[in-house]
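Q: Structure of the sequence below:
(2 chains)
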Amino acid sequence: MRALLNLFKRFSIITVVPRNGFSNSSFLCASISSSTSSPRPVELIQSKTTNQIALSISSALQKCTNLSSVKKAHAKTFAFGLQHDKHLSIKIAILYVSFDKVDTANIVFESTPNPSSCFWNNMIRGYATEGQFGRSLGLYNKMLQEGLIPDKFAFPFALKSCAGLSNLQLGKLVHQHLLCCGCTDDLFVNAALLDMYAKCGDVEIARLVFDKMAVRDLVCWTSMISGYAHNGYNSETLEFFNLMRGSGVKPNRVSLLSVLLACGSLGALRKGEWFHNYAIQTGFANDILVVTAVMDMYAKCGSLDLARGLFNEAAGKDVVCWSSMIACYGIHGDGRKAIDLFDAMLEAGVSPNHVTFTCVLSACGHSGLLEEGRRYFKLMKEVFRIAPKLNHFSCMVDLLGRAGQLDEAKNLIENMPVKPDATIWGSLLGACRIYGNLYLAERVADVLFHLDPLQSGYHVLLSNIYAAKGRWNKVEMVRNLMARIGANKIQGFSLIELNDRVHRFSAGDRSHPQSDGILSKLEELAAKMKRLGYVPLTDFALHDIEEEGKEEALSYHSERLAIAFGLINTNPGTAIRVTKNLRICGDCHNAIKFISKIVKRIIIVRDMHRFHHFEDGACSCRDYW
DNA sequence: GTAGGGTTAG
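A: Presented below is the predicted three-dimensional model:
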């Protein structure tokens, strides 16, 4: 025991960033101050009658099926002076927790002298389950301060709370605790541990935990697959699904949700369809969670109609399902349909939440519906009493900025009750580029360079604004600044699915086995485009807009390579679907319009923010993106 | 007494 406490003493020197209502600086400090828990008070000698009353309350508690019956039993303990009875208190508190009344449970807990480990664990669980992660960890910390050693029932919830806060540092600390406490073989502890690492973004360590586990159940597999999917490890998600089936573990709805998410992110329609069929065969066709995920997958793979078909057929549509379909219309640039669906949702008696409004406002932004956006923003605040979050302000700033209302957008940022982040200012800087407002751009860039100095995108934007005004000396200055500080460049890439395989291209990529064919296709297209009047947008303002390396010619941007690859490998008339990780550049957007006309194909490109459906020389975004 | 889940800005 002393060795264990000494180990805890060492943990206390680890500095942890304080957040969410409890201070970590003293985290676990007091766990070493008391070497053993204080002696229990001698039980009061109770009369036989009191014991009988306690037994009767205890039996009543076992039959409690609703909150009011718990309250009644709780009141009885006061009436008979049994409010400090430890056995009754814990039962009452656990029941309060089960009816989502963790704060009431905490009042009972606070008034119980020397609560047992079981009681502490249930309180830590209660707060973790209710999403009050800071409070849950605050209690975990306090339990250690009281000299109690956490056990296998405390760790899953302490870890869940670390995961909920995405606080990897705290998670690692709790990991050390469980190593010291010898809880390394418990299935639940390990499942929570791998989930914590996955939710905090460290998928590799999560996988190490998974691989080390002697026994694994379905939850561990699904937690791992969900970790891959939610951290953008899309191919790994699909591989892991196969591994799971190969190991004789039958995939469930949670693993299906993960693979569908991965297919959507990859834009892998064929694979997505396969999983949709699999979901039907395995009896999930009417599961609203799976249906929503399938819908989302189809929309993200460019098939809006398939998504809408499923939505129409779905029974028991809830707010998530409605919001999801609204978001689908939004990313496809059909703001009107998004709004119509929102109104239909209200008529169906489903209440919108803050996500629904994010979807609606974003849809207005993608379609340039300025007045509608303003109206829904007001509706959210005044009728639905939903306080706007950063997401909503971000949508509004984007909407106002793109519509040319730069001053209003700036005022909104300066007066919002939440702290504006770099991306919201970045959105305003983007609007300054569209409208050539150099005066405002310089001021906004100044804020941005302080907020996020290493993000090259903002430097590129400013330099493009200078270039459009012919201020070449300033362009040079920004470029030099970028080189000096070593701004991070995000490499652009595009994905295209062919015969069940997803192919990836980056700008100027010549590593693909079919590289020669791709380049000659692009040359052939370039000649035809020229004859039709295509002029490359060599204006520096549009060059390098998405950080794809200025040394690479525009014509070798990743989306063009992917499209050329699609053209030489598919039959005439087949639609080409490409997914890109950055925003499509102006020159590529223009070029693809020409290509769609020349090859007489529908070309669907999903960029970082939305879909572009190119057909017969035009794009569905009507050049508003 | 314990672990995993669908929608969301730029």
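
Q: what's stretch A:209-219 in contact with?
A: Stretch A:209-219 has contacts (CB atoms under 8 Å, 6 or more residues apart in numbering) with A:185, A:187, A:190, A:191, A:193, A:194, A:197, A:220, A:224, A:249, A:250, A:252. From N, CA and C alone the C-beta is placed, and that goes for glycine too.

Q: Enumerate the positions of that stretch that are buried.
A: A:209, A:210, A:213, A:216, A:219 (16 or more other CB atoms under 10 Å).

Q: Which one of those is nearest to residue A:599?
A: Set against residue A:599, the nearest of these by CB to CB is residue A:210 (45.9 Å).

Q: Which helix or strand contains that closest one?
A: In this structure, residue A:210 sits in helix A:203-212 according to DSSP states H and E.

Q: Over to residue A:578?
A: Residue-wise, residue A:578 maps onto strand A:576-580 under DSSP H and E.

Q: what does residue A:537 give?
A: Assigned by DSSP H and E, residue A:537 falls outside every helix and strand.

Q: burial of it, as a residue count?
A: Using other CB atoms under 10 Å, residue A:537 has 18 neighbouring residues.

Q: What of residue A:134?
A: 19.

Q: Would you check how far apart residue A:312 and residue A:104 are?
A: Between residue A:312 and residue A:104 the distance is 43 Å, computed by CB to CB, to the nearest Å.

Q: Tell me which of the two has more neighbours.
A: Between residue A:312 and residue A:104, counted using other CB under 10 Å, residue A:104 has the larger neighbour count: 19 against 9.

Q: Quick check: residues of the stretch 1-150 of chain A near DNA strand B?
A: Residues of the stretch 1-150 of chain A that fall close to DNA strand B, judged by CB under 7 Å from any atom of the strand: A:117, A:118, A:121, A:122, A:125, A:129.

Q: Quick check, the fourth one in contact with residue A:90.
A: Yes: using CB atoms under 8 Å as the test, residue A:122 is close enough to residue A:90 to be in contact (7.0 Å).

Q: higher neighbour count, these two?
A: Set residue A:122 next to residue A:90 and count neighbours by other CB under 10 Å: residue A:122 wins out with 24 against 20.

Q: which residue packs closest to the more buried one, ignoring adjacent ones?
A: Leaving aside its sequence neighbours, residue A:122 sits nearest to residue A:94 (CB to CB, 6 or more residues apart in numbering; 5.3 Å).

Q: Now do the buried residues in stretch A:100-110.
A: Buried, per 16+ other CB under 10 Å, within stretch A:100-110: A:101, A:102, A:104, A:105, A:106, A:108, A:109.

Q: Is it possible to get CSV of the residues you listed that adds distance to residue A:263, secondary structure and pLDDT?
A: Shown next, in CSV, are the buried residues of stretch A:100-110 (distance: CB to CB, whole Å; DSSP: H, G, I helix; E, B strand; the rest coil; pLDDT from 0 to 100):
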residue, distance to residue A:263, secondary structure, pLDDT
A:101, 40, coil, 89
A:102, 38, helix, 91
A:104, 44, helix, 92
A:105, 42, helix, 92
A:106, 43, helix, 93
A:108, 48, helix, 93
A:109, 45, helix, 94
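
Q: Show me which of the residues you listed is closest to residue A:430.
A: residue A:102 (43.5 Å).

Q: Next up, the contacts around that closest one.
A: Contacts of residue A:102 by CB under 8 Å, 6+ apart are A:96, A:123, A:126, A:127, A:129, A:130, A:132.

Q: Helix or strand for whichever residue of the stretch 1-150 of chain A sits closest to DNA strand B, just tell me which one.
A: Proximity of the stretch 1-150 of chain A to DNA strand B (CB to the nearest atom of the strand) peaks at residue A:121, 2.4 Å away. Using DSSP H and E, residue A:121 sits within helix A:117-129.

Q: So which other helices or strands are in contact with that helix?
A: On a contact count with 3 or more CB pairs under 8 Å, 6 or more residues apart in numbering; DSSP states H and E, helix A:117-129 meets helix A:86-98, helix A:102-110, helix A:133-145, helix A:155-164.

Q: Now that helix - C-alpha only, PDB.
A: C-alpha atoms of helix A:117-129 as PDB (Å, rounded to 0.1, in the frame of the first residue of the first chain):
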ATOM      1  CA  SER A 117     -16.000   3.200  -2.700                       C
ATOM      2  CA  CYS A 118     -19.100   1.900  -4.300                       C
ATOM      3  CA  PHE A 119     -20.900   5.200  -3.500                       C
ATOM      4  CA  TRP A 120     -18.000   7.200  -4.800                       C
ATOM      5  CA  ASN A 121     -17.900   5.100  -8.000                       C
ATOM      6  CA  ASN A 122     -21.600   5.600  -8.600                       C
ATOM      7  CA  MET A 123     -21.300   9.300  -8.300                       C
ATOM      8  CA  ILE A 124     -18.400   9.400 -10.700                       C
ATOM      9  CA  ARG A 125     -20.400   7.300 -13.000                       C
ATOM     10  CA  GLY A 126     -23.500   9.500 -12.600                       C
ATOM     11  CA  TYR A 127     -21.700  12.700 -13.600                       C
ATOM     12  CA  ALA A 128     -19.800  10.900 -16.400                       C
ATOM     13  CA  THR A 129     -23.100   9.500 -17.800                       C
END
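
Q: can you list contacts of it?
A: A:86, A:89-90, A:93-94, A:96-97, A:102, A:105-106, A:109, A:112, A:133, A:135-136, A:139-140, A:143, A:148, A:150-151, A:153-154, A:157-158, A:160-161, A:164.

Q: Repeat that for stretch A:65-72.
A: With CB under 8 Å, 6+ apart as the criterion, stretch A:65-72 contacts A:60, A:61, A:63, A:64, A:92, A:95, A:96, A:99, A:101.

Q: again, but for stretch A:596-603
A: In contact with stretch A:596-603 (CB under 8 Å, 6+ apart) are residues A:525, A:528-529, A:532, A:563, A:567, A:572-576, A:578, A:592, A:595, A:613-618.

Q: how much distance is there from that stretch to the middle of the chain?
A: Put simply, stretch A:596-603 sits 35 Å off its chain's centre (CA atoms, centre = their mean, to the nearest Å).

Q: one step back: mind checking what helix or strand follows the helix holding residue A:210 in sequence?
A: Next in line after helix A:203-212, if elements are assigned by DSSP H and E, sits helix A:218-230.

Q: Just the CA coordinates for that following helix, please, in CSV.
A: These are the backbone C-alpha positions of helix A:218-230, laid out as CSV (Å, rounded to 0.1, in the frame of the first residue of the first chain):
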residue,chain,number,x,y,z
LEU,A,218,-17.9,-6.9,-29.2
VAL,A,219,-17.7,-3.5,-27.4
CYS,A,220,-13.9,-3.4,-27.7
TRP,A,221,-14.1,-4.2,-31.4
THR,A,222,-16.8,-1.5,-32.0
SER,A,223,-15.0,1.0,-29.9
MET,A,224,-11.8,0.5,-31.9
ILE,A,225,-13.6,0.7,-35.3
SER,A,226,-15.4,3.8,-34.2
GLY,A,227,-12.1,5.3,-33.1
TYR,A,228,-10.7,4.7,-36.6
ALA,A,229,-13.8,6.2,-38.3
HIS,A,230,-14.0,9.3,-36.2
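
Q: Good, we can wrap up now.
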